[in-house]
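Engineer: the sequence isn't on hand, but the structure is:
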């Protein structure tokens with residue numbers, strides 16, 4: 001089993017304060033409201049707090065997409081695991097993502113959703129790792145830019161563990177296969 005997170009990178013209090021700031025910016029940019037589309041599973045924690053921080057009308061939907069297995073790096077192969085329940089034609093849509101890393105998943109998803117002709121399509125990400133980018137991604141709202149370290153907590157996981165941590169923590173993983 002992997003070791004426990006070794007250090008807090010972003011404490012819970014800073015996460016919540018930044019989400020309130022993002023909510024205020026989104027309120028200003030979407031006076032008539034917005035459809036928040038959360039990417040499962042990691043963005044759920046961020047989605048809930050962000051939706052509460054937005055005072056304009058908010059609708060919520062979920063999409064499942066993955067380019068990760070149980071490891072720490074992208075497999076490079078993207079797959080849709082759950083589609084939207086809502087038609088987005090003519091709507092203002094904000095993709096809610098926990099972390100932008102390689103950009104592979106998000107660039108694929110933006111292409112898929114643009115074909116459905118939303119009125120606008122933008123991205124809000126809690127975390128951004130620009131040093132890891134392999135594909136360009138325009139992130140309209142960024143919570144925190146972080147260094148190239150593997151992080152868990154506040155929805156982010158390692159092999160489906162650690163999502164429930166209130167803080168965002170750096171995880172040190174010993175070499176070898178993932179068990180579990």
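Structural biologist: Received, thanks. Just so it is clear, the model here is predicted, and its values are computed rather than measured.

Engineer: what sits against residue 45?
Structural biologist: 98, 154, 155, 163 (CB atoms under 8 Å, 6 or more residues apart in numbering). For the C-beta atoms, the positions are set from N, CA and C on the backbone; glycine is no exception.

Engineer: what about it, which SS state?
Structural biologist: Reduced to three states with DSSP: H, G, I helix; E, B strand; the rest coil, the structure at residue 45 is helix.

Engineer: what about it, distance to residue 164?
Structural biologist: 9 Å (CB to CB, to the nearest Å).

Engineer: one more: residue 139?
Structural biologist: 25 Å.

Engineer: looking at the two, which is more packed in?
Structural biologist: More neighbours surround residue 139 than the other of residue 139 and residue 164, with 18 against 11 (other CB atoms under 10 Å).

Engineer: that's a strand at the more buried one, yeah?
Structural biologist: No. If the criterion is three-state DSSP, then residue 139 is coil and not within a strand.

Engineer: that one and residue 106: what is the separation?
Structural biologist: The gap separating residue 139 from residue 106 is 8 Å, by CB to CB.

Engineer: shared neighbours of these two, which are they?
Structural biologist: Listed as contacting both residue 139 and residue 106 by CB under 8 Å, 6+ apart are 100, 123.

Engineer: low-confidence ranges in this structure?
Structural biologist: 1-5, 67-76, 173-180 (pLDDT under 70).

Engineer: longest helix anywhere in it?
Structural biologist: helix 12-29 (DSSP state H).
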